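*Asks:* A structural model of the following input is requested.
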Amino acid sequence: MTDNFTTIDEYIDGFDGEKRDILKELRKLIQKIAPEATETINYKMPTFRLNGNLIHFAMFKNHLGVYPGAETIEHFKADLTNYKTSKGAIQIQLNQSLPNDLIQQIIVYRIGQLKDQKTGEWTKYNGNWVEANEKIQQVVNETELVKEFKWGGDVYTYNKKNVLAFSGFKNHFALWFYNGVLLKDSYHVLVNANEEKTKALRQWRFNSADEIDVVKVREYVLEAIQLVKDGKEIKPEKPQPKEIKGLLKDILNQEDTLFTSFKTLTMSKQKEYIEYIEEAKQEKTKLARIEKIKPMILEGKGLNDKYRK
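*Replies:* Numbers count the residues shown, from 1 in each chain. Predicted structure coming up:
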């Protein structure tokens with residue numbers, strides 16, 4: 001099996017015999033339960049999406065991995081006693097039958113989770129803001145913006161770049177621009193809703209639909225699109241390395257080869273290891289975990305690499 005696949009068909013065709021049959025059976029089952037879901041490859045795994053990542057799966061040497069997420073694993077904990085599980089993952093050994101009924105229940109549960117997510121804070125008050133939505137939508141429909149679903153709501157993009165989004169909340173209706181800090185803000189209406197975390201995003205808030213001046217909104221929207229066309233944006237700062245503390249730091253400082261190998265890992269892989277050790281409450285557990293990850297670090301592997309294949 002190589003990584004040179006871009007579709008689920010290509011992924012499945014990379015296996016022979018029993019493994020291919022199992023993958024086909026699982027895919028058919030998911031298609032039956034979630035016919036509206038779309039297929040893609042994500043994290044180098046076959047993935048079904050429906051208002052977000054519905055489920056991933058992948059074939060390994062001795063088992064099939066199914067990845068419905070940590071919350072789902074916890075929910076079905078009592079039904080998964082015959083299977084090895086970890087955070088977000090289920091291992092079904094090749095000598096075990098595919099648990100069709102259980103997988104069906106898991107998929108139905110995930111569909112419900114993602115449906116609830118879609119109707120979260122962004123949209124749950126939109127029924128109170130029908131006129132406001134219509135006014136902003138009128139402006140957006142005149143432009144080249146494309147609607148995409150991200151972070152539990154609709155985001156409008158140009159050439160895959162986030163431009164704006166809007167939604168009703170309990171006490172106000174908000175229109176926000178992802179690079180709003182670069183707008184001229186001719187009418188002095190934009191605010192930073194989160195000074196500590198947000199550098200580029202700016203909001204325009206309305207207390208009623210009557211406050212929405214379509215002409216003025218159109219000016220801001222067109223300017224925001226032009227910023228993207230001109231290549232102007234505030235790029236997010238590079239994340240800083242997570243600080244190594246405590247027992248892990250002591251052991252790394254004592255073992256030069258281990259320290260060098262750890263530092264050659266990507267920042268995200270280092271962070272995974274650091275958090276894995278920090279999560280342990282007792283020192284003996286931390287020590288056990290460090291011993292477990294040493295060979296992986298020396299081989300240049302990340303803690304969760306096996307789930308990314």
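*Asks:* C-alpha only now, for contacts and for neighbours.
*Replies:* Fine.
*Asks:* which parts of stretch 207-215 are buried?
*Replies:* Along stretch 207-215, the positions that meet the burial threshold by neighbour count (16 or more other CA atoms under 10 Å) are 209, 212.
*Asks:* How far off centre is that stretch?
*Replies:* Distance, stretch centre to chain centre, for stretch 207-215: 34 Å (CA atoms, centre = their mean, to the nearest Å).
*Asks:* Please tell me how far His188 sits from Val155.
*Replies:* When distance is defined by CA to CA, to the nearest Å, His188 is 23 Å away from Val155.
*Asks:* Let me see the ranges of the strands in this structure.
*Replies:* Read by DSSP state E, the chain holds these strands, from start to end of the chain: 38-42, 45-49, 53-59, 63-67, 84-86, 89-93, 146-150, 153-158, 161-168, 173-177, 190-191, 202-206.
*Asks:* in this structure, what spans have low per-residue confidence?
*Replies:* For the chain, the stretches with pLDDT under 70 are 1-3, 116-127, 151-152, 194-198, 236-239, 306-309.
*Asks:* And it, split by domain according to the record?
*Replies:* In the assignment given by automatic domain parsing, the structural domains of the chain cover 8-118, 126-229, 246-307.
*Asks:* sorry, back to before: output the strands of the chain as TSV; include the columns distance to Leu29.
*Replies:* TSV is the format used below for the strands of the chain (distance: least, CA to CA, whole Å):
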stretch	distance to Leu29
strand 38-42	13
strand 45-49	12
strand 53-59	12
strand 63-67	13
strand 84-86	21
strand 89-93	15
strand 146-150	25
strand 153-158	28
strand 161-168	35
strand 173-177	40
strand 190-191	48
strand 202-206	44
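*Asks:* To Val130, which of the ones you listed lies closest?
*Replies:* strand 161-168 (8.8 Å; CA to CA).
*Asks:* What helices and strands are in contact with the closest one?
*Replies:* helix 130-140, strand 153-158, strand 173-177, helix 214-229 (3 or more CA pairs under 8 Å, 6 or more residues apart in numbering; DSSP states H and E).
*Asks:* repeat that for 10 Å
*Replies:* helix 130-140, strand 146-150, strand 153-158, strand 173-177, strand 202-206, helix 214-229 (3 or more CA pairs under 10 Å, 6 or more residues apart in numbering; DSSP states H and E).
*Asks:* which residues are contacting the last one?
*Replies:* For helix 214-229, contacts defined as CA atoms under 10 Å, 6 or more residues apart in numbering pick out 135-136, 138-140, 142-145, 157-164, 175-180, 182-187, 204, 232-233.
*Asks:* Are any of those buried, and if so which?
*Replies:* Buried by 16+ other CA under 10 Å: 135-136, 139-140, 145, 157-158, 161-164, 175-180, 182-183, 204, 233, out of those.
*Asks:* one step back: format the domains of the chain as CSV; extra columns: distance to Gln240.
*Replies:* Below are those laid out as CSV (distance: least, CA to CA, whole Å):
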stretch, distance to Gln240
domain 8-118, 23
domain 126-229, 15
domain 246-307, 8
